[in-house]
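S.K.: Turn this into a model:
(7 chains)
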Amino acid sequence: MTLKPLADRVVVKMVESEETTKSGIVLPGSAKEKPQMAEVIAVGPGTVVDGKEVKMEVKVGDKVIISKYAGTEVKFDGQEYTILKQSDILAIVE
Amino acid sequence: MTLKPLADRVVVKMVESEETTKSGIVLPGSAKEKPQMAEVIAVGPGTVVDGKEVKMEVKVGDKVIISKYAGTEVKFDGQEYTILKQSDILAIVE
Amino acid sequence: MTLKPLADRVVVKMVESEETTKSGIVLPGSAKEKPQMAEVIAVGPGTVVDGKEVKMEVKVGDKVIISKYAGTEVKFDGQEYTILKQSDILAIVE
Amino acid sequence: MTLKPLADRVVVKMVESEETTKSGIVLPGSAKEKPQMAEVIAVGPGTVVDGKEVKMEVKVGDKVIISKYAGTEVKFDGQEYTILKQSDILAIVE
Amino acid sequence: MTLKPLADRVVVKMVESEETTKSGIVLPGSAKEKPQMAEVIAVGPGTVVDGKEVKMEVKVGDKVIISKYAGTEVKFDGQEYTILKQSDILAIVE
Amino acid sequence: MTLKPLADRVVVKMVESEETTKSGIVLPGSAKEKPQMAEVIAVGPGTVVDGKEVKMEVKVGDKVIISKYAGTEVKFDGQEYTILKQSDILAIVE
Amino acid sequence: MTLKPLADRVVVKMVESEETTKSGIVLPGSAKEKPQMAEVIAVGPGTVVDGKEVKMEVKVGDKVIISKYAGTEVKFDGQEYTILKQSDILAIVE
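M.R.: Below you'll find the model as predicted:
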């Protein structure tokens, strides 16, 4: 069973990350703010906004930075996903 | 007696779902948040928004994920339905 | 004396309905929420929104489902009517 | 001295109305909600909204139903008028 | 020194007015609400909104009715003026 | 080091002004409301809004009246400036 | 690993600045308001808004003034960045 997003929506899965502060202390994921890095799981076909075609510029497997609170969290097959519009993706991590 | 949605609206019926957590405990539908999965019952003819045609991309019988709180709940023939715009459908479950 | 709605407006009269719950108990109209089913009494000539013609798709006598709180209630000739835009009509009951 | 409304504005004067309830009791104007019926006193020349011409469809002397709280109340020559846009006129009473 | 408004803005000066109530009592200006009648002091060159030219339809010396709270009050040369857009002028008094 | 505003933005410096009330008392700048007169320090190249070119109509050295609270205050080289859009400039003082 | 902003977004890094008040006291960065000067780290490819192309006018290495609170702060590789739209950049410092 898979999720097929409509229009310019993207399904992502948040990435828990470890982080080393400047002083060298590792903060485990649970002690930090909501993570903002996510992996793209599924990509919609694109859409038209204000008469201009919106092409999808992210692809499955991309690591992306998303706006905090962007999109809608859904539980599906026991996993948590976020479905958001491509315009809520801030940057791709390369 | 049937509901015939206007424009780009869709009539759906929420789907109660069982869910197994990672630890294997089954949460019955009544103990969870508002479900977000729904079955499409009727589909409007489409419409025009900002001068562009909105084609309907869902069909009767599709299982869909919808935004929490999207649309309007209506009681009809003793059943509860939600009437929402297609743009409030996040993804199709295939 | 009649009401002639302007533009894409529609005059409707709310329909009081009886409802049988699954357990067979009849709830009289006064014990329920605001009804959402209405009968179309008069239909405006249509209008233009964002440069596109809005055609009227409902006709006098149609039974329709409307958004809760949509439109403006008016008293006219001792009767209560609601005047709303066609876009606030969710579905036609057939 | 007269008021000449600009663009798609209309000057109206609220109409105090008597009303007979179903049980036959007459409610004088002062015991009711703000009246919603008004008489058109002056009509602007029309305007252009979103690139489309707005033609004036009401004329001086028309009885109209207006949205509660629509427009701006002005005192002029010791009388109270309401100046509102034609789009805030819901229906013409014929 | 003069004020030259930009675009579709108009400089007006509020007019204090005396008013006779129906019963014949004169209310001096200080006992009333904010006045809504103003005299046009300067008129901008016009502008373009949504791709359509906005022509100026008021001229210096016109008496106009303005929306309460419309525009911005400015003190200039020891006098109080209001600078507002022409679209906030409701009617011309002739 | 200079500030080069982008698009239709303008850099201004607020002008402290003395004012003589009608009764002849001089209020020094510190006892008054936020000043609304400013001098233009730098002007952006213009931009396009809703498909129409926005030409810059103010020039360096102009004295202008601006909306209260318009724009963003910035400290630069130990001085306070306000960067705002040309559309927030109400009038030029000539 | 690098951040590649989408559309008309820009990645910037806030610049801590020292400032000398008029009286000659140096305020270290930590005692001041949120800084508004930033250095451009990465620039998106541009986008289309309302049917008009948005060209990128800033380049990597530019010093810019940004709106307070504009954009989204992200932590990446142990550093703090802000991702914002080019339209939230007020001016370039030259």
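S.K.: Just give me the neighbour total for the residue lying closest to residue A:41 once chain neighbours are set aside.
M.R.: The shortest distance from residue A:41 to any non-neighbouring residue, by C-beta to C-beta, 6 or more residues apart in numbering or on different chains, is to residue A:11 (4.5 Å). In short, each C-beta sits where N, CA and C put it, glycine included. Neighbours of residue A:11 under the rule other C-beta atoms under 10 Å in any protein chain shown: 26.
S.K.: Can you point out the helix or strand that includes residue A:11?
M.R.: strand A:9-14 (DSSP states H and E).
S.K.: The residue nearest to residue A:41 is in contact with residue A:58, isn't it?
M.R.: No: Residue A:11 is not in contact with residue A:58 according to C-beta atoms under 8 Å; the separation is 10.9 Å.
S.K.: Mutual contacts of those two, please.
M.R.: A:40, A:43 (C-beta atoms under 8 Å, 6 or more residues apart in numbering or on different chains).
S.K.: What residues does residue A:48 make contact with?
M.R.: By C-beta under 8 Å, 6+ apart, the neighbours of residue A:48 are A:54, B:52.
S.K.: So what pairs up with it in the strands?
M.R.: Following DSSP bridges, residue A:48 is listed with bridge partners residue A:53.
S.K.: Next one: it from residue F:49, what distance?
M.R.: 21 Å (C-beta to C-beta, to the nearest Å).
S.K.: all strands in chain A, in order from the N-terminus.
M.R.: With DSSP state E, the ranges of strands along chain A come out as A:3-5, A:9-14, A:19-20, A:26-27, A:37-43, A:47-49, A:52-54, A:63-66, A:72-76, A:79-85, A:89-93.
S.K.: Rebuild those as CSV, extending it with distance to residue F:81.
M.R.: Converted to CSV, the strands of chain A look like this (distance: least, C-beta to C-beta, whole Å):
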stretch, distance to residue F:81
strand A:3-5, 45
strand A:9-14, 40
strand A:19-20, 37
strand A:26-27, 39
strand A:37-43, 37
strand A:47-49, 36
strand A:52-54, 36
strand A:63-66, 32
strand A:72-76, 41
strand A:79-85, 36
strand A:89-93, 29
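S.K.: Adding distance to residue C:84 and mean pLDDT, write those strands out as JSON lines.
M.R.: Shown next, in JSON lines, are the strands of chain A (distance: least, C-beta to C-beta, whole Å; pLDDT from 0 to 100):
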{"stretch": "strand A:3-5", "distance to residue C:84": "33", "mean pLDDT": "95"}
{"stretch": "strand A:9-14", "distance to residue C:84": "31", "mean pLDDT": "96"}
{"stretch": "strand A:19-20", "distance to residue C:84": "53", "mean pLDDT": "51"}
{"stretch": "strand A:26-27", "distance to residue C:84": "54", "mean pLDDT": "52"}
{"stretch": "strand A:37-43", "distance to residue C:84": "38", "mean pLDDT": "96"}
{"stretch": "strand A:47-49", "distance to residue C:84": "28", "mean pLDDT": "76"}
{"stretch": "strand A:52-54", "distance to residue C:84": "32", "mean pLDDT": "76"}
{"stretch": "strand A:63-66", "distance to residue C:84": "38", "mean pLDDT": "95"}
{"stretch": "strand A:72-76", "distance to residue C:84": "29", "mean pLDDT": "88"}
{"stretch": "strand A:79-85", "distance to residue C:84": "30", "mean pLDDT": "93"}
{"stretch": "strand A:89-93", "distance to residue C:84": "38", "mean pLDDT": "96"}
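S.K.: do you know which of these lies nearest residue C:85?
M.R.: strand A:47-49 (23.5 Å; C-beta to C-beta).
S.K.: And that closest one, how far out from the chain middle?
M.R.: The chain centre lies 20 Å from the centre of strand A:47-49; the measure is C-alpha atoms, centre = their mean, to the nearest Å.
S.K.: Could you do stretch A:84-94 as well?
M.R.: Distance of stretch A:84-94 from its chain centroid, counting by C-alpha atoms, centre = their mean, is 7 Å.
S.K.: That one: which residues count as buried?
M.R.: A:84, A:85, A:86, A:87, A:88, A:89, A:90, A:91, A:92, A:93 (16 or more other C-beta atoms under 10 Å in any protein chain shown).
S.K.: Kindly report the same for stretch A:46-54.
M.R.: So, applying 16+ other C-beta under 10 Å, buried residues of stretch A:46-54: A:47, A:48, A:49, A:52, A:54.
S.K.: quick check: angle from the strand holding residue A:11 to strand B:89-93?
M.R.: Strand A:9-14 and strand B:89-93 are oriented at 80 degrees to each other (axes from the mean of the first three to the mean of the last three C-alpha atoms, to 10 degrees).
S.K.: ok, residue A:4 touching residue A:43?
M.R.: No: here residue A:4 does not reach residue A:43: they are 9.6 Å apart, not a contact under C-beta under 8 Å.
S.K.: picking up where we left off before, show me the two of the buried residues of stretch A:84-94 that sit farthest apart.
M.R.: Farthest pair in the buried residues of stretch A:84-94, by C-beta to C-beta: A:85 and A:93, 18.9 Å.
S.K.: Could you tell me which residues of chain A lie near chain B?
M.R.: A:1-7, A:9, A:11, A:42, A:48, A:50-51, A:72, A:74-76, A:78, A:83 (C-beta under 8 Å from any C-beta of the partner chain).
S.K.: how many other residues sit next to the closest residue to residue A:82 other than its chain neighbours?
M.R.: Distances taken as C-beta to C-beta, 6+ apart put residue A:71 closest to residue A:82, at 4.6 Å, once the chain neighbours are dropped. Other residues near residue A:71 number 21, with proximity taken as other C-beta under 10 Å.
S.K.: show me the contacts for the nearest residue to residue A:42 once chain neighbours are set aside.
M.R.: The shortest distance from residue A:42 to any non-neighbouring residue, by C-beta to C-beta, 6+ apart, is to residue A:11 (4.1 Å). Counting by C-beta under 8 Å, 6+ apart, residue A:11 touches A:3, A:5, A:40, A:41, A:42, A:43, A:81, A:82, A:83, B:91.
S.K.: Pipe those residues into CSV and attach distance to residue A:64 per row.
M.R.: Shown next, in CSV, are the contacts of residue A:11 (distance: C-beta to C-beta, whole Å):
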residue, distance to residue A:64
A:3, 17
A:5, 14
A:40, 6
A:41, 11
A:42, 13
A:43, 11
A:81, 13
A:82, 11
A:83, 13
B:91, 17
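S.K.: what about burial for those residues, which qualify?
M.R.: A:3, A:5, A:40, A:41, A:42, A:43, A:81, A:82, A:83, B:91.
S.K.: Run through the bridge partners of the last one.
M.R.: Spelled out, that is residue B:91. The partner residues for residue B:91, given DSSP bridges, come to residue A:5, residue B:65.
S.K.: Surely it touches residue A:83?
M.R.: Yes: Residue B:91 lies in contact with residue A:83 (C-beta under 8 Å); the separation is 5.9 Å.
S.K.: list residues touching both of these two?
M.R.: Common neighbours of residue B:91 and residue A:83 (C-beta under 8 Å, 6+ apart) are A:3, A:5, A:9, A:11, A:74, B:65.
S.K.: between those residues, which is nearest residue C:16?
M.R.: Closest to residue C:16, out of all of the shared contacts of residue B:91 and residue A:83 and judged by C-beta to C-beta, is residue B:65, at 35.8 Å.
S.K.: what about that closest one, how many residues close to it?
M.R.: If we define neighbours as other C-beta under 10 Å, then residue B:65 has 25 of them.
S.K.: Report the contact partners of it.
M.R.: A:3, A:74, A:76, A:83, B:36, B:37, B:38, B:89, B:90, B:91, B:92, B:93.
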